[in-house]
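Chemist: have a look at this fold, sequence not included:
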């Protein structure tokens with residue numbers, strides 16, 4: 001059973017998103033060991049300067065790096081990353097297990113993105129789409145794709 005850590009900046013404010021995350025955590029509970037880590041977003045002014053944003057990203061990045069499990073294969077979710085189909089992600093997760101990676105970490109930054117330092121330590125920069133989504137919605141979408149990937153791997157009818 002794989003250990004999957006989802007490291008996110010910020011907490012979900014909307015109840016419907018929290019409910020969706022809870023549902024996927026419940027669905028995944030018998031399929032993997034999921035650890036959801038929510039780290040506080042840095043407080044910024046109403047109209048932050050570029051430097052203020054960079055400082056916030058660096059501060060958030062330090063917190064993220066502390067939470068990555070040792071020896072984990074790290075996916076950083078970022079717009080400039082490469083896209084994968086559900087089948088490709090499933091296959092890669094299976095391959096990681098065979099190659100000895102018992103820990104996989106997925107990282108979702110805050111509304112201003114993720115620090116270059118975190119991106120530089122990641123093994124794969126993953127993009128969900130060329131479209132932009134709120135990072136809170138990305139959390140639900142990623143959990144669904146992790147669930148779908150495992151369902152594909154075990155051969156259930158969930159994936160159509």
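Modeler: It's in. The structure displayed is predicted, hence computed values, not measured ones.
Chemist: quick one: the strands in this structure, in order.
Modeler: Counting by DSSP state E, residue ranges of the strands within the chain are 3-9, 33-39, 73-82, 103-108, 124-126.
Chemist: flag every buried residue along whichever helix in the chain runs longest.
Modeler: Across the chain, the helix with the greatest residue count (assigned by DSSP state H) is helix 135-154. For helix 135-154, the neighbour count (16 or more other C-beta atoms under 10 Å) marks 135-136, 138-153 as buried. Placement of C-beta: from N, CA and C, glycine included.
Chemist: how about stretch 31-49?
Modeler: Buried residues in stretch 31-49, counting neighbours by 16+ other C-beta under 10 Å, are found at 31-32, 34, 36-37, 39, 41-42.
Chemist: tell me the pLDDT at residue 61?
Modeler: According to the model's per-residue confidence, residue 61 sits at a pLDDT of 97.
Chemist: name the nearest residue to it, sequence neighbours excluded.
Modeler: Distances taken as C-beta to C-beta, 6 or more residues apart in numbering place residue 115 nearest to residue 61, at 3.2 Å, with adjacent residues excluded.
Chemist: for residue 112, see how far away residue 41 is.
Modeler: The gap separating residue 41 from residue 112 is 9 Å, by C-beta to C-beta, to the nearest Å.
Chemist: what residues are shared contacts of the two?
Modeler: In terms of C-beta atoms under 8 Å, 6 or more residues apart in numbering, residue 41 and residue 112 are both contacted by the residues residue 56.
Chemist: returning to what we had before: adding distance to residue 107 and pLDDT, write the buried residues of stretch 31-49 out as a markdown table.
Modeler: Listed next are the buried residues of stretch 31-49 as a markdown table, based on distance: C-beta to C-beta, whole Å; pLDDT from 0 to 100:
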| residue | distance to residue 107 | pLDDT |
| --- | --- | --- |
| 31 | 21 | 95 |
| 32 | 17 | 96 |
| 34 | 14 | 97 |
| 36 | 12 | 97 |
| 37 | 9 | 97 |
| 39 | 10 | 97 |
| 41 | 14 | 94 |
| 42 | 16 | 94 |
